[in-house]
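Colleague: got a predicted structure plus its sequence, pasted below:
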Amino acid sequence: MKYEEIKMKSFIELLKKDIQVSEINEGKQPLIGVFWLYNDEIIGDTRDPNLSDETVSQVIDDKKIVSGRFTHYDIWKKIKPEELKSKDYLFLPRGRIVSNDTNFKFIVFANKIFDDMKHRTMIKKYYNLSEKDIIWNFKELHYN
């Protein structure tokens with residue numbers, strides 16, 4: 001098989017997997033939170049954006065943004081893998097998902113390493129998100 005054929009076959013398989021994830025997540029409660037990439041898996045914190053005791057709301061540019069009440073720093077202390085106990089929360093690529101209650105979309109702020117179909121699919125699966133409800137942002141210097 002030629003390289004181009006292998007690449008196309010891999011792309012088609014990822015696309016099928018992405019469609020399956022969207023179908024699996026349909027009807028599930030979308031979640032917000034902070035996450036990292038570790039051993040090619042998403043690890044992180046999930047919060048229901050509708051639970052006021054777990055979230056904080058603020059208005060930015062006339063948009064009501066709902067975010068988890070906890071920071072990467074807070075969550076990292078609780079979930080970091082044993083082999084990374086001496087590492088800071090900035091050590092791994094990371095991101096955050098917030099809810100935009102003005103347009104009912106979810107905004108994913110993340111390191112640019114997540115900007116491919118494989119990692120986007122992993123994030124959508126972990127947080128019960130559908131592509132149609134997401135605004136992706138890989139340009140924030142805070143995460144890169």
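Modeller: Looks like it came in fine.
Colleague: what's the residue most central in space within the chain in contact with, if anything?
Modeller: The C-alpha lying nearest the average C-alpha coordinate of the chain belongs to Ile123 (Cα atoms, centre = their mean; 4.2 Å). Contact partners of Ile123, counting by Cβ atoms under 8 Å, 6 or more residues apart in numbering, are Phe35, Ile42, Gly95, Ile97, Val108, Ala110, Phe114, Leu129. Placement of C-beta: from N, CA and C, glycine included.
Colleague: let me know the closest of those to Ile79.
Modeller: Using Cβ to Cβ, Phe35 comes nearest to Ile79 of the contacts of Ile123, at 9.9 Å.
Colleague: looks like the closest one contacts Arg47 (just checking).
Modeller: No: the pair Phe35 and Arg47 fails to qualify as a contact (Cβ atoms under 8 Å) at a distance of 11.6 Å.
Colleague: more neighbours: which of the two?
Modeller: Per other Cβ atoms under 10 Å, whichever of Phe35 and Arg47 has more neighbours is Phe35, with 27 against 21.
Colleague: next, give phi and psi for that one.
Modeller: Phe35 has phi and psi values of phi -150, psi 170 when expressed as degrees, to the nearest 10.
Colleague: how close does it get to Lys78?
Modeller: If you measure Phe35 against Lys78 using Cβ to Cβ, to the nearest Å, the figure is 13 Å.
Colleague: where does this structure dip in pLDDT?
Modeller: 1-27, 52-65 (pLDDT under 70).
Colleague: can you give me the helices in it?
Modeller: 3-25, 72-79, 117-127 (DSSP state H).
Colleague: count the neighbours of the residue lying closest to Lys80 once chain neighbours are set aside for me.
Modeller: Using Cβ to Cβ, 6 or more residues apart in numbering and skipping residues adjacent in sequence, the residue nearest Lys80 is Lys87, 7.0 Å away. Burial of Lys87, expressed as a neighbour count using other Cβ under 10 Å, amounts to 12.
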